[in-house]
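> Next come a sequence and a model predicted from it.
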Amino acid sequence: MAAIKEESDYDSSRSSLTAPDSRRSWISDIGSSSSVSVCSFGGGDTPASSCCYKPHKANQAEWEAIRRVRAAAGGRVGLEHFRLVRRLGSGDLGNVYLCQLREPWSTGCLYAMKVVDKEALAFRKKLRRAEVERDILRTLDHPFLPTLYADFEASHYACLVMEFCPGGDLHVARQRQPGRRFSISSTRFYVAETVLALEYLHMMGVVYRDLKPENVLVRGDGHIMLSDFDLSLKCDVVAKLLRQSKPPPAPPAASSSSHVPSCVPPTIQPVLSCLFNGMNKCHAKEGRRANDGDGDETEQETETEPEVVVEPVAARSKSFVGTHEYLAPEVISGQGHGSAVDWWTLGVFMYEMVYGQTPFKGESNEKTLVNIIKQPVSFPRIAAAAAASGREWDELQRAQDLMSQLLVKNPKKRLGSSMGSAEVKKHPFFKGVNWALVRSVRPPEVPPKPRPAPAPAPKKVMMMSKKERQEPYNYRPDERFEYF
Ligand SMILES: Nc1ncnc2c1ncn2[C@@H]1O[C@H](COP(=O)(O)OP(=O)(O)OP(=O)(O)O)[C@@H](O)[C@H]1O
């Protein structure tokens, strides 16, 4: 298929819209994005503070090993500390390698290292995309999102050391399922985890924009990890109070715009909702219990609860960005898009999981785009017939209802567009899902444990003197970078 000149919200020039392979991600700026936060690749290594504090993963052996290296190497981690085992894959920006820490720090822990050639990317005007991905990864700390253990530069290469996912991606996993479709219960599991990951991203002011099964990796424990943030839009975070029937006693921290990070422009305003909305409902229920017999008063109290939403609903970009079959109508029309694109792509993602195909795929990329704009969503009978039990049938109906609401062409009327993830999570398809405990649920499949990487050739190690082994590894670019 024809290639596209790829650019981004972060590039200044514009490009044509000829499309590549319909499953490849790409980005083409056909207008101005409203605002993005961009920091450039600084030379040198990650400041220890920028990716060291990840409370969710703090007790991991992988973190512990990296911490030991930092402690021994004056706070910095570099390429010299790693041994590349094999290439895991490659994408538009670079290659991803399986790696391990070198002796004496090796603990057997495996990492995934994404290596991008900065010079080549600068030439292709894609350096900013890599920078944005790195900046986003540095901020993430969530069970279903990548942990960035370290990032550093070596010569003209930029390296990101992340959590390794041995389970492959959901696109490949789907091919292994009977009929190449996930069951409704497996779909619910993966979609629920994806909703939580999107919820967190939106709260952090990140519109993901590239949800598709290929970008959903399976971790060692069978839970998911969204990957590939180079098409994401990083925007401003401003908490917004959507509804309040009486003035608040004191401005809560979350409702103040004084927490806006100073480095981001003010035009894109995510609305804080997912956390507080749920919390408020909780408080309202407690109030009801506490005020038994005085329902009216409780009801009144509930109404005074502020509705706070964490969604970058005011985010606006006009970049033509994504993967053909997953593009939202507002992206194709170029009218400007925001976080609602992630709820659209969630609908396409769910459809592909259930039916083994995307909903608007045409004979060509152009036809696909026309279908996305014009064709109403319809559901194949084939999967309906395959849904044997009555229970599965009911669940399929609920799944279809959710997909229909996510695949609404008008982004303003789409589920999730006004109240964010809170709306999506309330859909009957997720009935019975305990959102707080999703990460403790047994996944549909757990990948087999990866075999330990073969030990490095002992000869080289033996030839080094003790003094040499203790010295920092002195890499020689022409020798080392034949890997990349
Ligand atoms: N953490 C990981 N664990 C295991 N494999 C990974 C990991 N991250 C990436 N990969 C593999 O490497 C491949 C390329 O990674 P990635 O998609 O991040 O690169 P990219 O250059 O950003 O690609 P794209 O062209 O999609 O933007 C993926 O398809 C996946 O197979």
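Received it, and whenever you're ready, just let me know what you need. Numbering: from 1, shown residues only.
> use CA for all of it now, contacts and neighbours both
Will do.
> How about the residues of the stretch 201-350 of the chain by the ligand?
Neighbours of the ligand within the stretch 201-350 of the chain, by CA under 6 Å from any ligand atom: 227-228, 230.
> between these, which is nearest the ligand?
Nearest to the ligand among these is residue 228, at 4.2 Å by CA to the nearest ligand atom.
> Just give me the neighbour total for the closest residue to residue 183 other than its chain neighbours.
Distances taken as CA to CA, 6 or more residues apart in numbering put residue 354 closest to residue 183, at 6.8 Å, once the chain neighbours are dropped. Residue 354 is flanked by 26 other residues according to other CA atoms under 10 Å.
> Starting from the ligand, give me the distance back to the closest residue to residue 79 other than its chain neighbours.
Of all residues not flanking residue 79 in the chain, residue 154 sits nearest, at 6.7 Å (CA to CA, 6+ apart). Separation of residue 154 from the ligand (CA to the nearest ligand atom, to the nearest Å) stands at 18 Å.
> Equivalent analysis for residue 60, please.
15 Å.
> can you pull up the bridge partners for the residue nearest to residue 79?
residue 157 (DSSP bridges).
> now it: how far from residue 393?
55 Å (CA to CA, to the nearest Å).
> helix or strand for residue 97, which one?
strand 94-101 (DSSP states H and E).
> next one: residue 350
Going by DSSP H and E, residue 350 is part of helix 340-355.
> List the contacts of that helix.
174, 181-184, 187, 191, 198, 207-213, 313, 326-328, 330-331, 357-359, 380, 383, 402-404, 406-408, 411-412, 414-417 (CA atoms under 8 Å, 6 or more residues apart in numbering).
> average pLDDT across that helix?
In this model, helix 340-355 has a mean pLDDT of 96.
> which element follows that helix toward the C-terminus?
In N-to-C order, the element after helix 340-355 by DSSP H and E is helix 365-374.
> other SSEs contacting that following helix?
helix 329-333 (3 or more CA pairs under 8 Å, 6 or more residues apart in numbering; DSSP states H and E).
> buried set for the helix it packs on?
329-332 (16 or more other CA atoms under 10 Å).
> re earlier: sheet-wise, list the partners of the strand holding residue 97 with their directions.
Strand 94-101 has the following sheet partners, assigned by DSSP bridges: strand 82-90 (antiparallel), strand 110-117 (antiparallel).
> what comes up buried for the first one?
Put plainly, it is strand 82-90. Applying 16+ other CA under 10 Å to strand 82-90 flags 82-85, 87-88 as buried.
> now the last one
Applying a neighbour-count criterion of 16+ other CA under 10 Å, one finds 110-117 buried in strand 110-117.
> who's in contact with residue 218?
165-170, 224-225, 447.
> so residue 114 touches residue 94, yeah?
Yes. Contact criterion CA atoms under 8 Å: residue 114 and residue 94 qualify, at 6.8 Å.
> Type out the PyMOL command that picks the buried ones from the contacts of helix 340-355.
In PyMOL, a selection of the buried entries from these looks like this (16+ other CA under 10 Å):
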select buried, resi 174+181+182+183+184+187+191+198+207+208+209+210+211+212+213+313+326+327+328+330+331+357+358+359+383+402+403+404+406+407+408+411+414+415+416+417
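> Let's see which of the contacts of helix 340-355 end up in helices.
174, 184, 187, 191, 198, 330-331, 383, 402-404, 406 (DSSP state H).
> Quick one: neighbours of residue 175, just the number.
By other CA under 10 Å, neighbour count at residue 175 equals 13.
> what does residue 61 give?
Neighbour number of residue 61 under other CA under 10 Å is 13.
> How about it: what's its closest non-neighbour residue?
residue 109 is the one closest to residue 61 (CA to CA, 6+ apart), at 7.1 Å.
> So what does residue 64 look like in phi/psi?
phi -60, psi -40 (degrees, to the nearest 10).
> Roughly how far does it sit from residue 83?
The value you get for residue 64 to residue 83, if CA to CA is used, is 17 Å.
> Ends of stretch 410-424, what's the gap?
Terminal-residue distance, stretch 410-424 (CA to CA): 16 Å.
> average pLDDT for it?
pLDDT averaged over stretch 410-424 gives 93.
> in the stretch 1-150 of the chain, which segments are predicted with low confidence?
1-53, 55 (pLDDT under 70).
> near the ligand, which residues of it show up?
Residues of the stretch 1-150 of the chain lying near the ligand (CA under 6 Å from any ligand atom): 25, 88-94, 96, 112.
> among the residues you listed, which two are most distant?
The largest separation in those, counting by CA to CA, is between 25 and 112 at 20.6 Å.
> related to what we said a few turns ago, so which of the contacts of residue 218 sit within strands?
224-225 (DSSP state E).
> Which one of the contacts of residue 218 is nearest to the ligand?
Using CA to the nearest ligand atom, the contacts of residue 218 come closest to the ligand at residue 165, 3.8 Å.
> Columns distance to residue 363 on top of the strands paired with strand 94-101, output as CSV?
Formatted as CSV, the strands paired with strand 94-101 follow (distance: least, CA to CA, whole Å):
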stretch, distance to residue 363
strand 82-90, 27
strand 110-117, 34
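> Out of the ones you listed, which is closest to residue 160?
strand 110-117 (5.1 Å).
> So which bits of the helix or strand that comes right after the closest one are buried?
Going down the chain from strand 110-117, the next helix or strand is helix 118-123, by DSSP H and E. The neighbour-count check on helix 118-123 (16+ other CA under 10 Å) flags 118, 121 as buried.
> May I have helix 118-123 as CSV, with CA atoms only?
Taking only C-alpha atoms (Å, rounded to 0.1, in the frame of the first residue of the first chain), the coordinates of helix 118-123 have been written out as CSV:
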residue,chain,number,x,y,z
LYS,A,118,17.9,10.2,16.9
GLU,A,119,19.7,11.3,13.8
ALA,A,120,17.6,9.2,11.5
LEU,A,121,14.4,10.4,13.2
ALA,A,122,15.5,14.0,13.0
PHE,A,123,16.0,13.5,9.3
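> Now do it: which elements does it pack against?
Partner elements for helix 118-123 (3+ CA pairs under 8 Å, 6+ apart): strand 157-163.
> quick one: contacts of the strand it packs on?
Taking CA under 8 Å, 6+ apart as the rule, strand 157-163 contacts 79, 110-119, 134, 146-153.
> got a list of what the closest residue to residue 409 other than its chain neighbours touches?
Once flanking residues are discounted, residue 409 sits nearest to residue 329: 6.0 Å by CA to CA, 6+ apart. By CA under 8 Å, 6+ apart, the residues touching residue 329 are 372-373, 409-410.
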